[in-house]
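Trainee: could you work out the structure for the sequence below:
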Amino acid sequence: MEKSFQLIVTTAFGLEALAARELRRLGYEELTVFNGGVTFWGDVLAVARCNLWLRTADRVLICVGRFSARTFDELFEKTKALPWENWIPKDGEFPVTGKSVRSQLFSVSDCQAIVKKAIVERLKQKYPVNWFQETGSFYRVQVALLKNEATLTIDTSGNGLHKRGYRQLTAAAPLKETLAAAMIEISRWKPDRALIDPFCGSGTIPIEAALIGRNIAPGIQREFAAEKWPSFPIQIWEQAREEAFDAIFRNQPLGIWGFDLDSEALSLARYHAKKVGFGLDKDLHFQQQDVRDLRSRYQYGYLIGNPPYGERLMDKRSAEALYQSFASVWERIPTWSLYFICAHPEFEKFMGRKADKRRKLYNGRILCQYYQFFGPKPPQLKGPFASSEVGSLPI
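Mentor: Residues are numbered from 1 along each chain as shown. As a prediction, this is how the structure comes out:
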């Protein structure tokens with residue numbers, strides 16, 4: 001195996017710049033951002049760190065090769081020329097998935113079969129066997145064709161990185177963990193400010209905020225496909241996890257609240273917070289409350305939410321009436337910044353004001369806008385959660 005190789009971090013559309021920012025925080029500077037991901041050069045430790053730490057990315061892939069392919073023969077020969085033996089051992093299990101966009105080789109199933117056959121022929125040159133049992137570690141290979149350019153990758157993550165391990169049960173219309181983390185990252189929230197999610201459901205936004213606030217690596221509790229690869233020493237993963245545990249801000253106070261009308265969803269939120277560990281179930285506050293009753297004694301906080309769109313939850317008219325109520329909520333917390341992700345095209349009209357900034361994001365396959373309403377810049381306040389006055393309100 002080479003000491004340094006090309007890695008591809010994949011993301012949902014609209015999150016590429018956030019993943020690039022996370023990679024720079026990890027110390028990787030020479031990045032190339034493209035639609036749906038970021039590429040850079042790294043080593044085995046980079047694979048471990050990225051899988052553990054990336055909050056807004058989908059997967060970490062090793063790029064085995066990239067080349068032009070306009071015919072099946074060309075795809076076969078160029079795939080066979082790649083050093084697959086550097087990654088896949090004699091007993092490795094290597095299914096091939098594929099996708100093709102605006103390519104002459106539009107039959108995905110044929111491309112998958114050709115790539116599989118080419119890898120087998122390459123491995124036969126390395127290992128003196130005629131049949132590969134594929135009983136060992138798992139190596140998911142993908143052939144991606146875009147405008148006649150083929151990219152061959154191996155997935156190091158296994159399950160998508162949004163599967164942190166804490167959310168085994170979900171409420172209706174759940175928000176993906178990676179998108180929740182992206183919404184918090186875009187808001188630039190810091191743990192010295194209060195944060196409220198008024199539609200918390202099973203608790204994804206509050207839990208992701210707590211992980212960010214305490215600097216807990218989101219993948220610290222789960223396993224990854226590459227952990228079982230013989231070419232990746234177990235010491236690499238032990239080192240990366242030790243770094244992650246040492247980096248946790250265990251004494252960081254958190255002022256994070258999740259509200260919802262659904263008592264069953266709130267039970268799930270509390271269960272998920274406990275599942276995370278690190279004492280978060282004692283530091284996150286979940287309460288049954290209507291957003292129209294929201295108040296706070298804290299100033300300069302952040303309200304970050306995923307209100308119903310009038311599609312899977314609520315009918316359209318009820319959702320629009322709910323949006324209209326947000327203006328009166330903001331009157332009670334005028335120094336707060338508000339962030340809503342919503343697919344309704346007239347969200348601003350019903351809220352009664354234009355967003356200071358909007359950003360196109362996808363909630364699953366639903367095209368949404370992330371509406372950002374900025375409060376005034378806070379002064380330098382002392383004390384947790386930027387409270388300048390103490391009232392009788394619970395938060």
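
Trainee: in a strand, Cys50, correct?
Mentor: No - counting by DSSP: H, G, I helix; E, B strand; the rest coil, Cys50 is not found in a strand; it is helix.

Trainee: please name the nearest non-neighbouring residue to it.
Mentor: Leaving aside its chain neighbours, Cys50 sits nearest to Val60 (4.8 Å; criterion: CB to CB, 6 or more residues apart in numbering). Yep, even glycine has a C-beta here, placed from its N, CA and C like the rest.

Trainee: that neighbour bridge partners, please.
Mentor: Val9 (DSSP bridges).

Trainee: let me know the pLDDT of it.
Mentor: pLDDT, Val60: 98.

Trainee: one more: Phe326?
Mentor: pLDDT for Phe326: 92.

Trainee: same thing with Val390?
Mentor: Value listed for Val390 in the pLDDT field: 32.

Trainee: over to Ala182?
Mentor: pLDDT, Ala182: 98.

Trainee: same check, this time on Glu2
Mentor: 65.

Trainee: show me the helices in the stretch 201-350 of the chain, by range?
Mentor: For the stretch 201-350 of the chain, applying DSSP state H, counting those that start in this stretch gives helices covering 204-213, 234-246, 263-276, 280-283, 316-332, 347-351.

Trainee: what's the distance between the residue nearest to Cys50 and Phe340?
Mentor: Using CB to CB, to the nearest Å, we find Val60 at a distance of 30 Å from Phe340.

Trainee: just say helix, strand or coil for the residue lying farthest from the centre of the chain.
Mentor: When distances are taken from the C-alpha mean of the chain, Pro128 lies farthest, 41.6 Å away, according to CA atoms, centre = their mean. Secondary structure assignment for Pro128 (three-state DSSP): coil.

Trainee: list phi and psi for it.
Mentor: Backbone torsions for Pro128, taken as degrees, to the nearest 10, come to phi -80, psi 60.

Trainee: what about it, distance to Trp229?
Mentor: Distance, Pro128 to Trp229, by CB to CB: 22 Å.

Trainee: who's in contact with the spatially closest residue to Phe67 that is not a sequence neighbour?
Mentor: Distances taken as CB to CB, 6+ apart put Lys78 closest to Phe67, at 4.7 Å, once the chain neighbours are dropped. By CB atoms under 8 Å, 6 or more residues apart in numbering, the contact list for Lys78 reads Gly65, Phe67, Ala69, Ala150.

Trainee: SS state for Lys78?
Mentor: Assignment for Lys78 (three-state DSSP): helix.

Trainee: and it, how far from Arg122?
Mentor: Computed as CB to CB, the Lys78 to Arg122 distance reads 11 Å.

Trainee: where does the stretch 101-250 of the chain dip in pLDDT?
Mentor: For the stretch 101-250 of the chain, applying pLDDT under 70 flags the ranges 169-173.

Trainee: which residues in it form strands?
Mentor: Taking DSSP state E, counting those that start in this stretch as the test, the strands found in the stretch 101-250 of the chain are 140-146, 149-155, 195-197.

Trainee: quickly run through the sheet partners of the shortest one, with directions.
Mentor: For strand 195-197, the paired strands and their directions (DSSP bridges) are strand 256-260 (parallel), strand 302-305 (parallel).

Trainee: residues in contact with the residue nearest the centre of the chain?
Mentor: What sits nearest the mean C-alpha location of the chain, by CA atoms, centre = their mean, is Thr178, with 2.2 Å. Shown in contact with Thr178 (CB under 8 Å, 6+ apart): Thr11, Ala12, Leu15, Arg55, Thr56, Ala57, Asp58, Gly160, Leu161, His162.
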